[in-house]
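Visitor: Return atomic coordinates for the entry below.
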Amino acid sequence: MAAFGDLNRVNTNVTALDAQLSLNKINRNLAESQLRLSTGLSINKAEDNVAGYSIATRLKGRIAGLEQALQNVGDAKSVLDIAEASYDTIMDNIIEMKTLATQASNDTMGTTERRYISDQIEALATDINEIASQTVFQGNNLLEGSSFNFQVGERGTDLLTVDLEAVDVAHLFGAAGPADATLGDTTNGVDPDGATATLSEGDAITVDVSANGGQGELIFTGDATDPDAVPNGADFRSFLLAVDTAVERMSDRVNYIGIKQSSLSIREETLSESISANEAAKSRIIDTDFAKEQSKVIRLQIMQQTATAALSQANMSPQAVLSFMGG
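Guide: Below you'll find the model as predicted:
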């Protein structure tokens with residue numbers, strides 16, 4: 001700061017130095033304000049606001065994780081949608097089996113007609129296995145007993161586990177465990193430990209659970225005394241019990257996948273809200289208030305012009321010393 005008597009010295013113009021220092025500060029502040037306006041960020045480097053920069057960086061990292069998690073949820077829903085579509089097709093096949101078995105249970109059907117129906121039901125069972133084999137997402141078969149851990153958050157513990165049970169003839173019509181020991185046959189039941197699950201007392205309709213790589217095979221074999229015999233109405237009525245069990249099992253699978261789809265939809269909504277909240281928090285810390293910054297720029301530009309004029313006048317001040325040297 002200029003002191004008393006400084007204007008009487010010419011070699012060092014203290015007033016001009018003070019004006020120049022003030023102008024440099026104004027220019028620096030003006031440059032920072034123009035940078036904020038050009039980038040849209042109030043914090044462009046750590047030294048602008050150390051704490052704010054650290055907090056904003058952490059929020060930015062969390063938002064990136066949440067956005068990827070949201071995309072993961074979308075991919076997970078796609079996986080379950082594919083599985084559900086196959087479930088629907090398999091359920092249609094089972095319902096068609098029930099219709100055909102009900103038709104064949106009626107004694108108005110003859111042996112030839114029942115043979116045609118048997119062949120059609122076998123074909124529907126083969127289709128079920130084909131659908132189970134061809135339901136694939138990025139190399140993962142969905143209907144052969146798969147477990148998925150979907151990353152639905154930005155933390156390592158934010159997982160949603162989905163266990164898709166196998167869906168094929170063996171698992172729908174065969175014995176899946178001791179609880180299913182009475183499947184399809186109220187007299188003999190089904191042997192849960194054997195390779196063949198009997199669906200009727202006369203062994204006319206069976207499921208070989210060891211066939212097709214474990215997918216099973218529905219077989220109409222006649223009876224124990226005549227392998228070429230066509231199942232009769234009683235055989236088909238017994239088979240209807242197995243079809244009802246298959247429908248129940250498929251219903252359980254559809255119910256399970258529906259619950260998981262609902263969970264994913266809730267996660268999707270929660271993630272969207274979290275992203276919005278974190279974006280708002282980051283914006284309040286790091287984004288430029290354009291109205292405020294523009295007003296500051298106008299003020300600094302006026303001060304810049306004033307400081308420039310003051311510097312010009314300070315540079316002219318030493319000329320006053322010439323008056324001391326007049327003759």
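
Visitor: Counting by contacts, list what the helix or strand where Ile275 lies packs against.
Guide: Using DSSP states H and E, Ile275 sits in helix 233-286. In terms of contact count using 3 or more C-beta pairs under 8 Å, 6 or more residues apart in numbering; DSSP states H and E, helix 233-286 is assigned the packing partners helix 50-105, strand 159-164, helix 169-173, strand 205-208. For every residue, glycine as well, the C-beta is placed using N, CA and C.

Visitor: Could you pull up the mean pLDDT of the shortest one?
Guide: Averaging pLDDT along strand 205-208 yields 79.

Visitor: Doesn't Ile219 lie inside a helix?
Guide: No: using DSSP: H, G, I helix; E, B strand; the rest coil, the assignment for Ile219 is strand, not a helix.

Visitor: Any idea how many residues pack against it?
Guide: Other residues near Ile219 come to 19 when the count uses other C-beta atoms under 10 Å.

Visitor: can you pull the contacts of the residue nearest to Asn29 when sequence neighbours are not counted?
Guide: Once flanking residues are discounted, Asn29 sits nearest to Leu300: 5.6 Å by C-beta to C-beta, 6 or more residues apart in numbering. For Leu300, the contacting residues are Ile26, Asn29, Leu30, Ser33, by C-beta atoms under 8 Å, 6 or more residues apart in numbering.

Visitor: tell me the centre residue of the protein?
Guide: Val73 (1.1 Å; C-alpha atoms, centre = their mean).

Visitor: Tell me how far stretch 77-93 lies from the chain's centre.
Guide: 18 Å (C-alpha atoms, centre = their mean, to the nearest Å).

Visitor: now that stretch: mean pLDDT?
Guide: Stretch 77-93 shows a mean pLDDT of 93.

Visitor: Counting neighbours, which bits of that stretch end up buried?
Guide: For stretch 77-93, the neighbour count (16 or more other C-beta atoms under 10 Å) marks Lys77, Val79, Leu80, Ala83, Glu84, Ser86, Tyr87, Ile90, Met91, Asn93 as buried.

Visitor: Distance to Gln294 for the helices and strands packed on helix 233-286 - can I get that in CSV?
Guide: Listed next are the helices and strands packed on helix 233-286 as CSV, based on distance: least, C-beta to C-beta, whole Å:
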stretch, distance to Gln294
helix 50-105, 21
strand 159-164, 47
helix 169-173, 69
strand 205-208, 78
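
Visitor: which of those is buried the deepest?
Guide: Of the helices and strands packed on helix 233-286, the one with the most neighbours on average (mean count of other C-beta atoms under 10 Å) is helix 169-173, at a mean of 26.

Visitor: what packs against that one?
Guide: Using 3+ C-beta pairs under 8 Å, 6+ apart, helix 169-173 sits against helix 111-134, strand 205-208, strand 217-220, helix 233-286.

Visitor: can you rerun that using 6 Å?
Guide: Here helix 169-173 touches helix 111-134, helix 233-286, going by 3 or more C-beta pairs under 6 Å, 6 or more residues apart in numbering; DSSP states H and E.

Visitor: For that helix, which outside residues touch it?
Guide: Applying C-beta atoms under 6 Å, 6 or more residues apart in numbering, the set of residues contacting helix 169-173 from outside is Ala125, Ile128, Asn129, Val207, Val209, Gln215, Gly216, Leu218, Ala242, Ala246, Arg249.

Visitor: returning to what we had before: which single one of the buried residues of stretch 77-93 is nearest to Glu154?
Guide: Lys77 (18.3 Å; C-beta to C-beta).

Visitor: before we move on, the earlier item: by how many degrees do the helix holding Ile275 and helix 111-134 diverge?
Guide: Angle, helix 233-286 to helix 111-134, by axes from the mean of the first three to the mean of the last three C-alpha atoms, to 10 degrees: 20 degrees.

Visitor: got the contact list for Ala166?
Guide: Residues in contact with Ala166 (C-beta under 6 Å, 6+ apart) are Glu144, Gly145.

Visitor: Can I take it that it is in a strand?
Guide: No: the assignment for Ala166 (three-state DSSP) gives coil, which keeps it out of a strand.

Visitor: And it, how close does it get to Ile82?
Guide: Going from Ala166 to Ile82 by C-beta to C-beta, to the nearest Å gives 16 Å.
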